[in-house]
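In: Fold the following.
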Amino acid sequence: MQLAPDIERRLERIGWRTQVLPSDVPAEWLVARVVVQHRAGYQLHDGDTLFNAQPAARFLKRDIDPTERPAVGDFVMFVPGAPPVIERILPRRTELRRGAAGENHQRQIIAANVDAVFVLNGLDGDFNPARIERYLLMIQSSGALPIVVLTKADRASDADDIFAELRQRVPPPLEMFAVNAKSADSVAPLVAYLGLGQTAVLVGSSGVGKSTLTNTLLGHERMATATVREHDSRGRHTTTHRALIQLPSGGCLIDTPGMREVKLTGEEELDRSQFADIDELASSCRFGDCGHVSEPGCAVRAALSDGSLDPARWQNYLKLRGELVAAADALEAQLRRKGENRVLTKSLGKRLHEK
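Out: Purely as a prediction, here's the structure:
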């Protein structure tokens, strides 16, 4: 099933890319994009109109994988009505996930169908290279392009030095920009990623300037902003839910609440991330099971000694590697339990039917 050209042009305003729709959908089903998700339901946009909608009953089942529910950025097919009902999620071209907060080891969709992820970190007391590396690892398997945006460049007298220091930990070709989020001229390089049909999402902790940047890209103040605490430069949550916004440049921007916890899903791969060089270095040790502590011929210890490997970067690599192993093990155990529960439920149902 192919959409009419005029409908595709309309949907392009909210980031649509031409794709063939499923052939089994009823003719009365329509396409829109999820722009807001909240407890009472969803808000959709069809390129012309913003309206409320409810998910079909199967999306509300308690045992459903959260990643199988509609998320901000999704293109969905809905049935018109009062209210409209979301019936199907169209295939996602990209999917930004994190591990859900808590101990349930579930995955959570941050945003779907995004082309770029702007990782914001302030050039103030909250500057944290390790947190940036964590975000980049989370983005690595999403299919989207990561871009580091260092905000509050107007407040940091040593912005150039910090930028150069971070570049040692985050080498090219990854793009990095230092900006004043209140200045349209300063953030102009980001507009190149926000043209017609393009979507970007903002991630970062509270107080880094996500809402300020959104307002500047919009050209007017729409998102609430707040000052940060002086003693640690951390902010309060001024954005309370994810929301997709259309920009004058033709693209779309998804603003997100500040993340207190950036939890790995267990699906990330360190040897394909910004740590690929460390992973390769570790594999060149004399012994395959080198613990990188006191073994002879350890390439990692040699690199730490001669200064070619940053000790802070190495420690963060070890921390993330440990978390990644634990998350992968927890995810595998959860999937195994789900499989066992499914078998038990089928067996119980069969016995009851026979009885």
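In: all contacts plus neighbour counts: C-alpha atoms, from now on.
Out: Noted.
In: Averaged pLDDT, stretch 300-316. What do you get?
Out: Across stretch 300-316, pLDDT averages out at 94.
In: For that stretch, buried residues please.
Out: By neighbour count with 16 or more other Cα atoms under 10 Å, stretch 300-316 contains the buried residues Val300, Arg301, Leu309, Arg313, Asn316.
In: What of stretch 189-207?
Out: So stretch 189-207, judged by 16+ other Cα under 10 Å, has buried residues 190, 193-207.
In: got the CA positions of stretch 54-61 in PDB?
Out: Output of stretch 54-61 as PDB, limited to C-alpha atoms (Å, rounded to 0.1, in the frame of the first residue of the first chain):
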ATOM      1  CA  GLN A  54      -5.900   6.200  22.600                       C
ATOM      2  CA  PRO A  55      -3.900   3.000  22.100                       C
ATOM      3  CA  ALA A  56      -5.600  -0.200  21.200                       C
ATOM      4  CA  ALA A  57      -6.300  -2.600  24.100                       C
ATOM      5  CA  ARG A  58      -3.400  -4.900  23.300                       C
ATOM      6  CA  PHE A  59      -0.900  -2.100  23.900                       C
ATOM      7  CA  LEU A  60      -2.100  -1.900  27.500                       C
ATOM      8  CA  LYS A  61      -1.500  -5.500  28.500                       C
END
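In: What ranges does this protein have for its helices?
Out: 5-12, 129-139, 159-169, 184-187, 210-218, 276-282, 299-306, 311-354 (DSSP state H).
In: Out of these, flag the one nearest Thr67.
Out: helix 311-354 (13.9 Å; Cα to Cα).
In: what about Val117, neighbour count?
Out: Val117 has 26 neighbouring residues, counting by other Cα atoms under 10 Å.
In: Show me what it bridges to in the sheet.
Out: Pro146, Val201 (DSSP bridges).
In: So it sits against Leu194, correct?
Out: No. Val117 is beyond contact range of Leu194, at 11.1 Å (criterion: Cα atoms under 8 Å).
In: Could you give the number of residues near Arg336?
Out: Per other Cα under 10 Å, the neighbour tally for Arg336 reads 12.
In: Can you check the pLDDT for it?
Out: pLDDT, Arg336: 76.
In: Now do the same contact list for it.
Out: Listed by Cα atoms under 8 Å, 6 or more residues apart in numbering, Arg336 has no contact partners.
In: likewise Ala276?
Out: Contacts of Ala276 (Cα under 8 Å, 6+ apart): Leu270.
In: Point out where the chain drops to low pLDDT.
Out: Along the chain, the parts satisfying pLDDT under 70 run over 101-105, 222-240, 338-355.
In: unless I'm mixing things up, Leu253 is touching Leu218, no?
Out: No. Between Leu253 and Leu218 there is no contact under Cα under 8 Å: 9.5 Å.
In: what's the overlap in contacts for these two?
Out: Leu247.
In: Compare those two and say which is more crowded by neighbours.
Out: When Leu253 and Leu218 are compared on other Cα under 10 Å, the one with more neighbours turns out to be Leu253, at 27 against 18.
In: now the more buried one, which residues is it bridged with?
Out: Ala200, Ile245.
In: Contact partners for it?
Out: Counting by Cα under 8 Å, 6+ apart, Leu253 has contacts Leu194, Thr199, Ala200, Val201, Leu202, Thr214, Leu244, Ile245, Gln246, Leu247.
In: Pick the one among the residues you listed closest to Val148.
Out: Leu202 (10.2 Å).
In: about what we covered before: just flag the most distant two among the buried residues of stretch 300-316.
Out: Among those, Arg301 and Asn316 lie farthest apart (Cα to Cα), at 15.4 Å.
In: what separates Lys210 from Ile254, distance-wise?
Out: 10 Å (Cα to Cα, to the nearest Å).
In: Tell me which of the two has more neighbours.
Out: Applying other Cα under 10 Å to Lys210 and Ile254 shows that Lys210 carries more neighbours, namely 29 against 26.
In: Tabulate the contacts of Leu253 (JSON lines), appending distance to Pro22.
Out: Below are those laid out as JSON lines (distance: Cα to Cα, whole Å):
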{"residue": "Leu194", "distance to Pro22": "28"}
{"residue": "Thr199", "distance to Pro22": "23"}
{"residue": "Ala200", "distance to Pro22": "26"}
{"residue": "Val201", "distance to Pro22": "27"}
{"residue": "Leu202", "distance to Pro22": "31"}
{"residue": "Thr214", "distance to Pro22": "35"}
{"residue": "Leu244", "distance to Pro22": "25"}
{"residue": "Ile245", "distance to Pro22": "27"}
{"residue": "Gln246", "distance to Pro22": "27"}
{"residue": "Leu247", "distance to Pro22": "30"}
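In: Of those, which is the nearest to Gln2?
Out: Nearest to Gln2 among the contacts of Leu253, with distances taken as Cα to Cα, is Thr199, at 22.3 Å.
In: Of all the helices of the chain, which one is nearest Arg97?
Out: With Cα to Cα as the criterion, Arg97 lies closest to helix 129-139 of the helices of the chain, at 7.2 Å.
In: Asn52 - nearest residue in space that isn't next to it in sequence?
Out: Nearest residue to Asn52, sequence neighbours excluded (Cα to Cα, 6 or more residues apart in numbering): Gln43, at 4.4 Å.
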